[in-house]
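>>> I would like the atomic coordinates for the input below:
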Amino acid sequence: MKQRTIFGGIFSALLLLGGPAIANQTPAGAERTAPWNAETSDLEPDSSIIYGRLPNGLRYAIRPNNRPQNQVIVRMAIDFGSAAETDDELGLAHFIEHMAFNGTTNVPEGEMVKTLERLGLSFGADTNASTGYTQTQYKLDLPKSDPALIERALFLMRETASELLFNPEAVERERGVVIAEKREKENFGFQSARAANSLFYPDTYYSTRYPIGDQKILETAPAARMQALYRKWYRPDRTQIVIVGPVDVAAVERQIITKFSDWRSEGPPLGDINQCTIGIGDQIEASIFAHPKIGEQIGVQQIIPDRARPDTVERAMLQLKMRIASAIISQRISRRSRENDVPFLGGGLTFDIGFCDKYARIGFSASGKDGSWRELLPFTEQIVRQAVQYGFSDAEIAEQVKRLDAVYENAARSEATRTSGAIAGELVGLGDDVFNSPGYRQILWRQLRPFMTKAAIDAEYAQWFGQLDTPKLFLTSKQTEGIDDKVLADAYRASRALAVAAPSARDQQAFAYTDFGPPGTVVDDRTIPDLGIRTIRFANGVLLNLKKTDFEANRIRYSLRIDGGELHFGKENAPLARLMRSAYVSGGLKAHDIEDLRSILAGTTVSAAFNVADDYFGSYGAVTPADLERQLQVMAAYATDPGYSENALRLFRRPLPEIYARLDATPGSAMNVASVRIMTDNDPRFSLEPLEVIQSVDFEMLRAALGDALVKNRLEIALVGDIDEEAAIASVARTFGAMPPRDEIADDYADERKTTWSDNIGTADIPHRGEANQLSWRRVWITDGDDNQKRTQAVDLLARIVTVRLIDELREKLGATYGGGASSSMSRVYPDRGLFAVATTGDPKDLSAIEETVEAIITEIVEKPVDADLFERARKPVLESYADWRLRNDTWIGVADEAQTKPETLNRFRNSEETFKSITPNDVWQLAKQYLGKPPRYTFRALPDELIAAISGASSAVR
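Next up, the predicted model:
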């Protein structure tokens, strides 16, 4: 193909370098194949992926990769989902996925999860599965590249693929879990999504075949019906295996052949799952979904004829143009809503070509304050239409091109250290696309970049969005008084009838914060030998810690910590911390508002970052080495010259009434807010303050409370990763090192660290106004602070043990809940402050069973040490996680960030693995007796409002 030759040269050579040498090693019983979907694409596939197929049609892809160094990612995808279900099978594709953990030919019911835990995988974190409309995925993240472990993983995948038993008793036990998952999802948000899909995609599987299924069928479908569906669709010719990690390709292929070659399909091939068909309307249609807790949002969407869009240069060109256009529209909406105080909270364009292989979706959405749709609709519609009529400016396009330059360049530079999880996720989710390398995508971008002209982007955008004349409109709102479908449609027509003026141009700005004075000088420079951390102190007291690694190419992790944070504000000014966290950065700088600053930073990895945490001001993040100094400049500017824009204050206050109105909209949100308020006696450091309080804070109050803390308090910077140490030291010297002297000793904030727990102990029933069949439940015991490493680790292990037992009993045996677990939180900031919590969700009708089961589990664990098997199931995943722990930059930034101000944390790091290994079942038992052997201090039950009124006075209602 002619287009292919544009990109053929270097990548064809690379394919020749990688292909034949590996292909000669193909084991008997499989054949190497072309990359998936290559037959429909003119793009170059990634030559590092080894593709193969067994004679039964099963396809596999293997990618050797060393990031993380030990982890192996295993995925199995079945081309089957809810779209293939008939009317009496709704939800059974998802039910089948659940049955993978409930008995196979060679793994008894209840043993699958235990087997995985014994191998070092945590249920939920590393073992998971998901069902969509057209695909079901099974996922195992193996903690190490052990041939025996890979063999077990593939054995379990084969058991799942063809050996599920569907024992009727096991089906009945799992039925409650599946229904519990549906119950958790069936809130007003999900209901509004159903209504939207019914409007936009009527009579398609998007509106009639939800993976979560139909309640009646989930309650009554017999095991035989599930098994028949499983036998029909779980076939080798519909299955893909993906394995990514530090593996021996030939050995893995032999295992795939051994495990899967004797699997046979039943009957002839089934073909593609039914594609959707949507009528093309010629009239505006509208629909409204009302709920007392839902946010205001207007969605506008039109389906227009299109065609299948395989992964080609042509599609890439079109998508790049529209990606640029969409980004500019979003930027215009954001800027104008800030400048004109429009009650806009979020939204943007909808653009999707090749939808269902024959349509395109075009449109936009906007969310805002309650009752604002009459303003939001014309505001957004006219910005979208304005671009159809007048196009985009050269400056706007140039800014987006710079951003894409950075995106593709940074991805290519980081290719060598791309994680196995990211690669496997992309492979298993390819659909009809081809897997390309980041290096090739950068070359493709460079080839297409000259075509990203104003004329080309204007024309492409106008061609699509010039057709937005008879869309469907979907409104969600708390109330519909005075609104009906006709009113909504008429409002759209009225907006379209108004003329729009050309957009005004904006002047481009140069960054104003490059000179902070003469560079600082280094007065102390040492290295911590066993950790390889270099510690620097500048004359002005600024501390810098450097750790050079090769774990992430072209990436530097950074931390900036200025002493104070929430402790600086204390209890009296705690609401100001929330204001700072939400609005300080969007307040911009004195020389640049936030929109101008974002434009200035276009084409870099720099973020406008400055935050407040429990005991520090500052930020954590990542940049490329080339952008490090600019990132430091931006953070230094926020520390010395914040803008405190009133626009940012308005944006902060704008959504508050809607946010607070939804606090009791679900049992989970009601629980999270009320339980903390009760436990802390409404201490604003930990609990959400009343609406009138947070609405009253402003930037003048924040400025006064901060004082000179950001320019005087002790400051520590850490840089970890692909760093040039001398260049990094020079960059810090020119920014923070150039500032006036800082305090060398931190305030201990002794009074601000004092806390108490409420004496309002016992059971509290918390009303929620969500679905009547939903509850959230939490029980809390008071523990201690994080001043003893072994104790902290042992209590965390205790929480893992309780979680394993909760899964065994509440989920697997009772089927009373979809999720549940225990957690331990021991504070390093607030002395002696810690808690242990057990939490779950469920149906109010199961409340007694939930409480009795939790009490039985806690009693069991307090009475005697846990058995060796349970201990190992909880312990092994943590032990295995240490394999790559020291080979990750996100670990090292957490070590280097306080290497000088809190050197005691270095010993915690040094000793962490050995300390954890030293924990015994008796250690855990002693702590269980100490903390859980006493009555729980608090029990919280978030229940439907109307149910609480019917409960006897044994519990105190909270309102």
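
>>> I'd say residue 928 and residue 860 touch.
No - counting by C-beta atoms under 8 Å, residue 928 does not reach residue 860; the two are 9.9 Å apart. Backbone N, C-alpha and C define where each C-beta goes, glycine included.

>>> quick one, which of those two is more surrounded?
Neighbours per residue, other C-beta atoms under 10 Å: of residue 928 and residue 860, the larger number sits with residue 928, 24 against 14.

>>> how close does residue 909 sit to residue 886?
Between residue 909 and residue 886 the distance is 9 Å, computed by C-beta to C-beta, to the nearest Å.

>>> swap in residue 70?
Distance from residue 70 to residue 886, by C-beta to C-beta: 11 Å.

>>> And these two? Which one has more around it.
For residue 70 versus residue 886, neighbours defined as other C-beta under 10 Å are more numerous around residue 70 (19 against 16).

>>> Just the element for the more buried one, please.
For residue 70, there is no enclosing helix or strand under DSSP states H and E.

>>> ditto for residue 747
Per DSSP H and E, there is no helix or strand for residue 747.

>>> I'd say it and residue 563 touch.
Yes - with contact defined as C-beta under 8 Å, residue 747 reaches residue 563; the gap is 6.9 Å.

>>> Mutual contacts of those two, please.
Common neighbours of residue 747 and residue 563, counting by C-beta atoms under 8 Å, 6 or more residues apart in numbering, are residue 713.

>>> how far away is the closest residue to residue 65 other than its chain neighbours from residue 738?
Setting aside the residues directly before and after it, residue 65 is nearest to residue 420 in space (C-beta to C-beta, 6 or more residues apart in numbering), at 4.7 Å. To residue 738, residue 420 is 42 Å away according to C-beta to C-beta.

>>> Which of the two has more residues huddled nearby?
Per other C-beta under 10 Å, whichever of residue 420 and residue 738 has more neighbours is residue 420, with 25 against 18.

>>> What residues sit buried inside the longest strand belonging to the chain?
For the chain, the strand that runs over the most residues, judged by DSSP state E, is strand 344-355. Residues of strand 344-355 classed as buried by neighbour count (16 or more other C-beta atoms under 10 Å): 344-345, 347-355.

>>> That one: how far from the chain's middle?
Distance of strand 344-355 from the chain centroid (C-alpha atoms, centre = their mean, to the nearest Å) equals 20 Å.

>>> Can we start the residue count at 27 from this point?
Noted, 27 is the first residue going forward, which turns the last one into strand 370-381.

>>> Just the CA atoms from that strand would do, formatted as CSV, please.
Provided in CSV are the C-alpha atoms of strand 370-381 (Å, rounded to 0.1, in the frame of the first residue of the first chain):
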residue,chain,number,x,y,z
PHE,A,370,-20.0,25.8,34.4
LEU,A,371,-18.5,22.9,36.3
GLY,A,372,-17.3,20.6,33.6
GLY,A,373,-17.8,19.2,30.1
GLY,A,374,-16.5,19.2,26.6
LEU,A,375,-16.9,17.7,23.1
THR,A,376,-18.1,14.2,22.2
PHE,A,377,-16.5,12.8,19.1
ASP,A,378,-16.3,9.2,18.1
ILE,A,379,-15.9,7.8,14.6
GLY,A,380,-16.5,4.3,13.4
PHE,A,381,-19.0,3.8,16.2
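
>>> Now do that strand: everything it contacts.
Applying C-beta under 8 Å, 6+ apart, the external contacts of strand 370-381 come out as 321, 323, 325, 327, 329, 332-335, 341, 344-345, 348, 351-352, 355-356, 359, 363, 386-395, 402, 405-406, 410, 490-491, 680-681.

>>> Show the secondary-structure elements that the next helix or strand after it is packed against.
Using DSSP H and E, the helix or strand that directly follows strand 370-381 along the chain is strand 385-394. For strand 385-394, the elements it packs on are strand 322-331, strand 370-381, helix 399-416, helix 480-491, judged by 3 or more C-beta pairs under 8 Å, 6 or more residues apart in numbering; DSSP states H and E.

>>> Just the CA trace of strand 385-394, in CSV.
Extracted in CSV, the C-alpha atoms of strand 385-394 (Å, rounded to 0.1, in the frame of the first residue of the first chain):
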residue,chain,number,x,y,z
TYR,A,385,-21.8,5.8,12.7
ALA,A,386,-20.1,8.8,14.1
ARG,A,387,-21.1,10.4,17.4
ILE,A,388,-20.8,14.1,17.7
GLY,A,389,-21.9,16.5,20.4
PHE,A,390,-21.0,18.1,23.7
SER,A,391,-21.9,18.1,27.4
ALA,A,392,-21.9,20.6,30.2
SER,A,393,-22.5,20.3,33.9
GLY,A,394,-23.2,23.1,36.3
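
>>> List the neighbouring strands of it plus their orientation.
strand 322-331 (antiparallel), strand 370-381 (antiparallel) (DSSP bridges).

>>> Would you mind identifying the next helix or strand past the first one?
Pointing back at strand 322-331 there. Downstream of strand 322-331 (by DSSP H and E), the next one is helix 339-365.
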